[in-house]
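1. heads up, no residue letters with this:
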């Protein structure tokens, strides 16, 4: 039997960072995000050789282990091993014999939540394979715990919930890791206008979000007033943008996007850099309204808001730089899996 799963990557539109402890524990976080038609993919194939083979084709890593209850978390393929270890432990599964193959449509460190989305896709494949009794909230929570607690990787909570639920979501992050996902019903013409008004540009530079997030956590936990006030504004932006989107007010959407970027830069020193600033400057000179880096910052994807009639000239200006434009559409569904018998 072969089991496949996929989980969508997301654009962080507003509120990003307010889902990270200690801020979310102290003040509560609010985030608006939307998934797009780029995915993390996982395939599990049953084998009979008493081994576990893990292949991450996009990053060129592979390893074979004996079927043990716990695989060593040693810096190679940790996301895969973390999921395996937790599934075997929590559900008392006899160590299975299988081949796990994964790849993502976006590189690690792209700012689209690719690592967390991969964890969700792998969890979903195991859920499908072993018929585990997990709903959306349980899958997202498990993925979050594997990444943030078991593997001690710094970051927030939004990515796991976005990948699991899919679509446009307004999320609330409360203390004790309590999360509420509110799906938004955005009219089709608003989604069409939004797709026409957004350019997604990959800077070509991926980065480790953990270092940026660690600085952000330090700034908010130590009472750095400038950082805390900026995060309060970022959180309010999520409320304001939700209202703008539901009404189809794209000019307000663009203004809030730009505001969010200015506030985000106050959170940590590495959030912007010369590569990002040059792309921003070129795009605005060519007619873009504003831009914001998706994810923690420091590289990855930039979301540009553009007047649709100026879209082509902004694309031409950005194409002169080293990055590349990625065409996308918003996606509705969250993670899903299926079985193939052969």
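-> Cool, got the structure. Predicted model, so just to flag it, every value in this text is computed and none were measured.
2. what about the chain, any weak spots by pLDDT?
-> 205-224, 296-297 (pLDDT under 70).
3. Helices of the stretch 101-250 of the chain, residue ranges please.
-> Along the stretch 101-250 of the chain, the segments classed as helices by DSSP state H, counting those that start in this stretch run 114-130, 136-144, 158-165, 188-197, 209-221, 225-247, 250-264.
4. Relative to the whole chain's centre, how far out is the first one?
-> Read that as helix 114-130. The chain centroid and the centroid of helix 114-130 are separated by 14 Å, computed with Cα atoms, centre = their mean, to the nearest Å.
5. Tell me the buried residues in it?
-> 114-129 (16 or more other Cβ atoms under 10 Å). The C-beta positions use only the backbone N, C-alpha and C, and glycine is treated the same way.
6. Looking at these, which is nearest residue 15?
-> residue 116 (16.3 Å; Cβ to Cβ).
7. neighbours around the residue nearest to that closest one when sequence neighbours are not counted, how many?
-> Using Cβ to Cβ, 6 or more residues apart in numbering and skipping the chain neighbours, the partner closest in space to residue 116 is residue 159 (3.4 Å). The local packing of residue 159 (other Cβ atoms under 10 Å) involves 31 other residues.
8. residues contacting residue 159?
-> When contacts are counted by Cβ atoms under 8 Å, 6 or more residues apart in numbering, residue 159 touches 10, 113, 115-117.
9. let's see it at 7 Å
-> The neighbours of residue 159, taking Cβ atoms under 7 Å, 6 or more residues apart in numbering as the test, are 10, 113, 116-117.
10. To residue 335, which of the helices of the stretch 101-250 of the chain lies closest?
-> helix 114-130 (4.5 Å).
11. and that closest one with helix 158-165, angle?
-> Between helix 114-130 and helix 158-165, the angle comes out at 40 degrees (axes from the mean of the first three to the mean of the last three Cα atoms, to 10 degrees).
12. Just name whatever secondary elements helix 114-130 is in contact with.
-> strand 2-14, strand 29-46, helix 78-90, strand 98-104, helix 136-144, helix 158-165, strand 336-340 (3 or more Cβ pairs under 7 Å, 6 or more residues apart in numbering; DSSP states H and E).
13. Let me know which of those is tucked in deepest.
-> helix 158-165 (a mean of 30; mean count of other Cβ atoms under 10 Å).
14. So for residue 184, what's the nearest residue that isn't a sequence neighbour?
-> Residue 184 sits nearest to residue 168 (Cβ to Cβ, 6+ apart), 4.2 Å away.
15. thinking the one you found is in contact with residue 185, fair?
-> No - between residue 168 and residue 185 there is no contact under Cβ atoms under 7 Å: 8.2 Å.
16. Give me the more crowded residue out of those two.
-> A count of neighbours by other Cβ under 10 Å puts residue 168 above the other of residue 168 and residue 185, at 26 against 7.
17. Could you double-check that residue 130 lies in contact with residue 93?
-> Yes - the pair residue 130 / residue 93 is scored as a contact, 6.2 Å apart, by Cβ under 7 Å.
18. what's next to stretch 143-150, contact-wise?
-> 82-83, 86, 116, 119-120, 123, 153, 155, 157, 160.
19. Format these as TSV; extra columns: distance to residue 143.
-> Converted to TSV, those look like this (distance: Cβ to Cβ, whole Å):
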residue	distance to residue 143
82	10
83	8
86	9
116	6
119	4
120	5
123	5
153	12
155	11
157	10
160	4
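20. quick one: buried residues of the host helix or strand of residue 277?
-> For residue 277, the element it lies in under DSSP states H and E is helix 274-285. By neighbour count on 16+ other Cβ under 10 Å, the buried set for helix 274-285 is 275-276, 279-280, 282-284.
21. what's residue 131 sitting at in phi/psi?
-> When read as degrees, to the nearest 10, the backbone of residue 131 gives phi 50, psi 50.
22. how about the helices of the stretch 101-250 of the chain, which one is nearest residue 301?
-> Smallest distance to residue 301 across the helices of the stretch 101-250 of the chain (Cβ to Cβ): 10.2 Å, for helix 114-130.
23. got the contact list for that closest one?
-> Looking at helix 114-130 with Cβ under 7 Å, 6+ apart, the contacting residues turn out to be 3, 5-7, 9, 40-42, 44, 79-80, 83, 87, 91, 93, 102, 104, 106-108, 132, 134, 139, 142-143, 146-147, 159-160, 163-164, 335, 337-339.
24. Let me know the angle separating that helix from helix 136-144.
-> Interaxial angle, helix 114-130 versus helix 136-144 (the same axes, to 10 degrees): 120 degrees.
25. got the angle for helix 114-130 vs strand 336-340?
-> Using the same axes, to 10 degrees: helix 114-130 against strand 336-340 is 40 degrees.
26. Verify the stated contact: residue 84 with residue 71.
-> Yes - counting by Cβ under 7 Å, residue 71 is a contact partner of residue 84 at 5.7 Å.
27. joint contacts of these two?
-> In contact with both residue 84 and residue 71: residue 52, using Cβ under 7 Å, 6+ apart.
28. Nearest to residue 245 among the contacts of stretch 143-150?
-> Closest to residue 245, out of all of those and judged by Cβ to Cβ, is residue 157, at 21.3 Å.
29. just checking, the closest one touches residue 173?
-> Yes - using Cβ under 7 Å, residue 157 is in contact with residue 173, at 5.7 Å.
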